[in-house]
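Asker: just a sequence and a predicted model for now, questions to come.
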Amino acid sequence: MNHSKAIAALLLLPLALPVAGAETGQPDPLLEPIVVTATLGPKTAGESLSSVTVLDEATIREQNPAEFQDLLRGQPGISVVGNGSFGKSTSVYTRGTTNDSTLFLVDGVRLRSATSGGAAWQYFPAELVERVEIVRGPRSALYGADAVGGVIQAFTLDPKQGNRGWVEAGAGNFDTQKVAAGAGASAGNTRFSLSGLHKETDGAPVVEGGEDKGFRNTAGVGRIVHELASGGEASVVLMQTEGNTEYDSGNIDFLMRTLGLRLDTPVSEQWHSSVQFAESRDEMENFTSFGNSVFNTRTRSARWDNTLTFDVHELVLGAELLTDEVSGTTDFVETSRTNSALFSQLRLNFGPTDLMLSLRGDDNEAFGKQETGGIALGHSFDRSHRVRVSYGTAFRAPTFNDLYYPLEVYDFGGSYSGNPDLQPEESGTVELGISGNYASWFWDAAVYQMDVDNLIALRTDDTGAMAPENIDEARIRGAELSAGFDRAGWRGQAALTLTDPRDQATDNRLRRRSAQSVRLDLDKTINTWSFGGSVVAEGYRYDDAANTKRLPGYGTLDLRAGWRFADDWSGRLTVANVLDKAYATAERFDGARYIAAGRTAMLTVRYDIQ
């Protein structure tokens, strides 16, 4: 089917659906989820004028994912590429952009490697997350570089009032074990919480015919929140995860840490101010047969947001200072880089119509000044139906690896080196979306086009020599349709994504991007039992820019069941890839395919302390 026709059909499909309120006798729309990532403050998904997916605590508990990226796989606009399973290198592509172009926030703190640019998704513990917000589309005007394809924010566990703690233990095949626990308490206007996790596995082969490669991870989250007499709050949140992962030619000791200190306070009835100081670390020690290496990166940031309200209108003014530092055994020409920024966002409400304008100026130590901005318009036809249109610009500065990595030749073939002549990526994205929100179900459809100048992509020649280069012009077109319902004990979500990411000069598809994906999640609660399943499928992709190394598409089925067998006690069984499907989303330099684990089962028992 022609992509243009498919995209048009996808956008028009919801218009043919009946209005739920008319048939069910329930005209009141479902209360939309509140999101904070899209606009820097609490807004409903519709008010954000963005394409947003929210994974709430119930969804995360039901799916009980083995790895954090399993929650993301197949979500609208999201594609996950892995170099094996169980703690192996993972990339998340949002709307056809690179892993470096998806900003990952943990409780508002940017988490990434300054050398590679992207987040190490494979090390982040899904067990300590209670909510995930996925915002698709450029957000450089609010967050600066890296937010080209979108922003994913994970919110770690924060015990609710009356929930004092929990303990969980689990075991599965591949000799996998885990234990996790958390506790919360309060004293006056101050509440405290602490949660932790340890899991380990013998793992599965990384490539076809290989040996099992293990993974070990210990993680924790600590939080202190004090409610101020003024109505604001002061908070400190610390997250750390560390361990070891094995691969074919060695193993890696890793550590990731985020620390955020935040003060939110009303200055007056019309002025709310927020100050955040944050630090994140990404540290790695690599042990191989041909030598050891250390990569340590640290990102420090200071951010000041001010929200001014004028009746139903809102103005956000802010400033941000961010510094990246790298150290280790690799001799980079530059070891630090500072970026300062001023930004603003104006939201105007005219009854059923919303207008949002954003503007940001960045001063990057390596690349000078960059301006980004956006405009979005939304209109509600009635209480259930809304249309939105937007245009936004973004940029991404090359990473330290992109620019300064010295030539390294690998024993198993191939080499890598940086390219000091790289220029920053610059992009513009136009999007049209329409949504319906009813008493027990919803749908959302969006089409977009992103035009990118100087897209940074990996070039590989016949000898296996790799280096980043700028693609003069790239064009990414896409369409997304999502729907969901929650009624009579049934809970379901569906997502369909079509993407056409092209190098304009060659008309080849961009490396490792799939053109189609679908995800279906369905769960049913019956008294003390729950049952569910997920289907995720993606089309074929190419592992090279020349489109000669084709990797077949795949589909997997996951099943799950839960049972609350006593007061405060529950058990859950999850079986991922039930049909034991063999598939790969990436190849190694020598042509060997990185394979996903086969059938994976996990049984967990949990006790909630009230």
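Answerer: Good, I have the coordinates.
Asker: mind checking pLDDT for residue 461?
Answerer: On the pLDDT scale, residue 461 is placed at 73.
Asker: gap between residue 557 and residue 599?
Answerer: 10 Å (Cβ to Cβ, to the nearest Å). To be clear about C-beta, it is placed using only N, CA and C from the backbone, and glycine gets the same treatment.
Asker: go on, residue 300?
Answerer: Residue 300 sits 44 Å away from residue 599, going by Cβ to Cβ.
Asker: just the strands in the stretch 301-450 of the chain please.
Answerer: Ranges of strands within the stretch 301-450 of the chain are 313-328, 336-350, 353-364, 368-380, 385-396, 408-409, 415-416, 425-437, 441-460, based on DSSP state E, counting those that start in this stretch.
Asker: and the last one, which strands flank it?
Answerer: Translated: strand 441-460. strand 425-437 (antiparallel), strand 465-487 (antiparallel) (DSSP bridges).
Asker: least confident of the ones you listed, on average?
Answerer: Mean pLDDT values for the strands paired with strand 441-460 show the minimum at strand 465-487, a mean of 92.
Asker: residue 116 touches residue 398, doesn't it?
Answerer: No. Counting by Cβ atoms under 8 Å, residue 116 sits too far from residue 398 to count as a contact (11.5 Å).
Asker: so the two - more neighbours on which side?
Answerer: Just comparing residue 116 and residue 398: by other Cβ atoms under 10 Å the higher neighbour count belongs to residue 398, 25 against 21.
Asker: ok, the more buried one touching residue 424?
Answerer: Yes. Between residue 398 and residue 424 there is a contact under Cβ under 8 Å: 6.7 Å.
Asker: what's across from the residue nearest in space to the middle of the chain in the sheet?
Answerer: The residue lying closest to the centre of the chain (Cα atoms, centre = their mean) is residue 152, at 3.5 Å. For residue 152, the beta-bridge partners under DSSP bridges are residue 104, residue 134.
Asker: what sits against it?
Answerer: Residue 152 sits next to 72, 92, 94, 102, 103, 104, 105, 132, 133, 134, 135 when contact means Cβ atoms under 8 Å, 6 or more residues apart in numbering.
Asker: mind checking how far it is from residue 104?
Answerer: From residue 152 to residue 104 the distance is 5 Å (Cβ to Cβ).
Asker: shared neighbours of these two, anything?
Answerer: Contacts common to residue 152 and residue 104, judged by Cβ under 8 Å, 6+ apart, are residue 92.
Asker: least confident secondary structure element in this structure?
Answerer: Lowest mean confidence among the helices and strands of the chain (mean pLDDT, DSSP states H and E): helix 20-24, at a mean of 36.
Asker: the helix or strand in which residue 218 is found: partners in the sheet, and parallel or antiparallel?
Answerer: Using DSSP states H and E, residue 218 sits in strand 212-227. Strand pairing for strand 212-227, determined by DSSP bridges: strand 190-205 (antiparallel), strand 233-247 (antiparallel).
Asker: show me what contacts residue 501?
Answerer: 96, 474, 475, 476, 509, 510, 513.
Asker: from these, pick the one nearest residue 348.
Answerer: residue 476 (29.8 Å; Cβ to Cβ).
Asker: what about that closest one, how many residues close to it?
Answerer: Other residues lying near residue 476 total 22 when counted by other Cβ under 10 Å.
Asker: and it, how far is that from residue 358?
Answerer: Distance from residue 476 to residue 358, by Cβ to Cβ: 21 Å.
Asker: so where's this protein shaky on pLDDT?
Answerer: Where the chain drops to pLDDT under 70, the residues are 1-31, 160-163, 409-413, 462-463.
Asker: please redo it, this time with the cut-off set to 80
Answerer: The chain contains residues with pLDDT under 80 at 1-32, 159-163, 289-290, 407-415, 460-465, 589, 610.
Asker: close enough to count as contact, residue 446 and residue 432?
Answerer: Yes. Judged on Cβ under 8 Å, residue 446 makes contact with residue 432 at a distance of 6.8 Å.
Asker: looking at those two, which is more packed in?
Answerer: residue 446 (25 against 15).
Asker: what sits against the residue nearest to that one when sequence neighbours are not counted?
Answerer: Spatially, and ignoring its direct neighbours in sequence, residue 446 is nearest to residue 433 (3.8 Å; Cβ to Cβ, 6 or more residues apart in numbering). Contact analysis of residue 433 by Cβ under 8 Å, 6+ apart lists 51, 387, 388, 389, 444, 445, 446, 447.
Asker: how deep is residue 244 tucked in, by neighbour count?
Answerer: For residue 244, using other Cβ under 10 Å, the count is 17.
Asker: again, but for the one 4 residues further on
Answerer: Using other Cβ under 10 Å, residue 248 has 18 neighbouring residues.
Asker: how much space is there between it and residue 209?
Answerer: Per Cβ to Cβ, residue 248 is found 11 Å from residue 209.
Asker: same question, residue 275
Answerer: Per Cβ to Cβ, residue 275 is found 54 Å from residue 209.
Asker: repeat that for residue 130.
Answerer: The gap separating residue 130 from residue 209 is 40 Å, by Cβ to Cβ.
Asker: those two: which has the busier surroundings?
Answerer: Neighbour totals were compared for residue 130 and residue 209, and residue 130 leads with 18 against 7 (other Cβ under 10 Å).
Asker: which residue packs closest to that one, ignoring adjacent ones?
Answerer: Excluding its sequence neighbours, the residue lying closest to residue 130 (Cβ to Cβ, 6+ apart) is residue 57, at 4.6 Å.
Asker: residues making contact with stretch 600-608?
Answerer: Residues from elsewhere that reach stretch 600-608 (Cβ under 8 Å, 6+ apart): 64, 66, 85, 163, 165-174, 176, 178, 568-577.
Asker: show the buried residues in these.
Answerer: Buried by 16 or more other Cβ atoms under 10 Å: 64, 66, 85, 163, 165-166, 168, 170, 172, 174, 176, 178, 570, 572-577, out of these.
Asker: bridging residues for residue 531?
Answerer: With DSSP bridges as the criterion, residue 531 is bridged to residue 524, residue 561.
Asker: my guess is it contacts residue 573. True?
Answerer: No. Judged on Cβ under 8 Å, residue 531 makes no contact with residue 573 at a distance of 10.2 Å.
Asker: shared neighbours, those two?
Answerer: 560, 561, 562.
Asker: what's around the first one, how many residues?
Answerer: Other residues near residue 560 number 19, with proximity taken as other Cβ under 10 Å.
Asker: am I right that residue 317 is in contact with residue 308?
Answerer: Yes. Using Cβ under 8 Å, residue 317 is in contact with residue 308, at 7.2 Å.
Asker: neighbours around residue 458, how many?
Answerer: 15.
Asker: ok, now the one 3 residues further on?
Answerer: For residue 461, the tally of surrounding residues (other Cβ under 10 Å) stands at 10.
Asker: go on, the one 10 residues further on?
Answerer: Residue 471 sits with 20 neighbouring residues when counted by other Cβ under 10 Å.
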